[in-house]
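Student: okay, here's the prediction I keep looking at, along with the sequence it came from:
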Amino acid sequence: LLSGIVLSGSKYDFVGVIGPNGAGKTTLLNVIAGFEKFSGKLSLFGQAQTWRRSRRTRLRVGYVPQLMQIDPGFPILARQAVMTGAVGRLGLFRQPGKNEHEDTLRLMEMMRVAHLADRPLGQLSGGERQKVSLARAIIQKPDLLLLDEPTANLDIAVQKEVLNLIDEISEREALTILFVTHDFNLLPSRMRRAVMLKSGRKVFDGDISGALTGNELSRVFEYPLETFERNGKRFVSYD
């Protein structure tokens, strides 16, 4: 459960929501996305919100889960999966047109999966499906993108590739990003702000460099941690 969290953000912020398992990170995203009921006050895009959101507000929030679950036998191609992100904006009774097809190809090229456009989604690897999921969220044209541990359960090389793609999204797309993770050694390089949660409460909110200190991380994760720098980047070590 979340308790006493006050969180505000500005347009084009790139915020990391960091904390151990069970800290409330996913719950926070679910509340913002409108997936979970809540008590308290929530304002999105300058307007007070309840759990029941308007269609217009929902379309302004994109969401990428930890891993896109799909039945291997489900008959949908990768490009069709990306295009489903545009359905909400178009409405149920409008078919995707030239613009949507062009956007689909552009985003699949950006995510390095254009060569998989006509492959069944269920036949893609976990990393490939995650790239499709990112493209599907962006084609929705959201103002706020919620990423719930998007590199979880991926091989280390694929994790690095997905993080680089998220940095590219941050640079090229006009949106605000909330990136949830419990792995403080795998953070997008463009992330500038960190919000740290512990037991459903906010315990830190500030510059990412202030969060990635041995004392701060040890306090939040309740385990002795040390930080070090290599090639201009800060890493965390533990026994």
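Tutor: Looks like it arrived, so ask away. All figures in this text were calculated on a predicted structure; none of them were measured in a lab.

Student: ok, for R193, nearest residue in space, not its chain neighbours?
Tutor: Nearest non-adjacent residue to R193, counting by CB to CB, 6 or more residues apart in numbering: V15, 4.7 Å away. Bear in mind the C-beta positions are built from the backbone N, C-alpha and C, glycine included.

Student: and for K37?
Tutor: Closest to K37 by CB to CB, 6+ apart is W51, at 4.6 Å.

Student: quick check: longest helix of the protein.
Tutor: As assigned by DSSP state H, the longest helix anywhere in the chain is helix 156-172.

Student: buried residues, that one. List them.
Tutor: Neighbour-count burial for helix 156-172, counted by 16 or more other CB atoms under 10 Å, picks out 158-159, 161-163, 165-166, 168-170.

Student: list the contacts of that helix.
Tutor: With CB atoms under 8 Å, 6 or more residues apart in numbering as the test, helix 156-172 has contacts from 14, 110-112, 125-127, 130-131, 134, 138, 145, 147, 150-151, 154, 175, 177, 179, 186-190.

Student: so the residue nearest to R193, which of the three states?
Tutor: Counting by DSSP: H, G, I helix; E, B strand; the rest coil, the backbone at V15 sits in strand.

Student: does it touch V180 like I think?
Tutor: No: V15 lies out of contact with V180 (CB atoms under 8 Å); the separation is 9.7 Å.

Student: neighbour-wise, which of these two wins?
Tutor: The residue with more neighbours, out of V15 and V180, is V180; 23 against 20, by other CB atoms under 10 Å.

Student: for that one, helix, strand, or coil?
Tutor: When classified by three-state DSSP, V180 comes out as strand.

Student: quick one: it and K25 touch, right?
Tutor: Yes: V180 is in contact with K25 according to CB under 8 Å; the separation is 4.4 Å.

Student: pull up the overlap in contacts between the two.
Tutor: By CB under 8 Å, 6+ apart, the residues touching both V180 and K25 are 17-18, 148-149.

Student: want to try JSON lines for those residues, with pLDDT as columns?
Tutor: Converted to JSON lines, the shared contacts of V180 and K25 look like this (pLDDT from 0 to 100):
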{"residue": "V17", "pLDDT": "94"}
{"residue": "I18", "pLDDT": "92"}
{"residue": "D148", "pLDDT": "95"}
{"residue": "E149", "pLDDT": "93"}
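
Student: show the contacting residues for the residue nearest to R193.
Tutor: Applying CB under 8 Å, 6+ apart to V15 gives the contacts 9, 176-179, 191, 193-195.

Student: next one: G85
Tutor: Counting by CB under 8 Å, 6+ apart, G85 makes contact with 62, 135-140.

Student: what helix or strand does it sit in?
Tutor: Assigned by DSSP states H and E, G85 belongs to helix 78-90.

Student: out of the contacts of G85, which are inside helices?
Tutor: 135-139.

Student: what is the nearest of those to V220?
Tutor: Lowest distance from V220 to those (CB to CB) belongs to A137, with 28.1 Å.

Student: show the pLDDT at the closest one.
Tutor: A137 carries a pLDDT value of 95.

Student: how many neighbouring residues does the closest residue to it other than its chain neighbours have?
Tutor: Spatial nearest neighbour of A137, excluding adjacent residues (CB to CB, 6+ apart): G62 at 3.7 Å. Applying other CB under 10 Å, we find 25 other residues in the vicinity of G62.

Student: for F38, same thing?
Tutor: F38 is flanked by 17 other residues according to other CB under 10 Å.

Student: for the helix or strand bottoming out on mean pLDDT in the chain, list every residue counted as buried.
Tutor: Within the chain, judged by mean pLDDT, DSSP states H and E, the helix or strand with the poorest mean is strand 233-237; its value is a mean of 71. Neighbour-count burial for strand 233-237 flags V236 (criterion: 16+ other CB under 10 Å).
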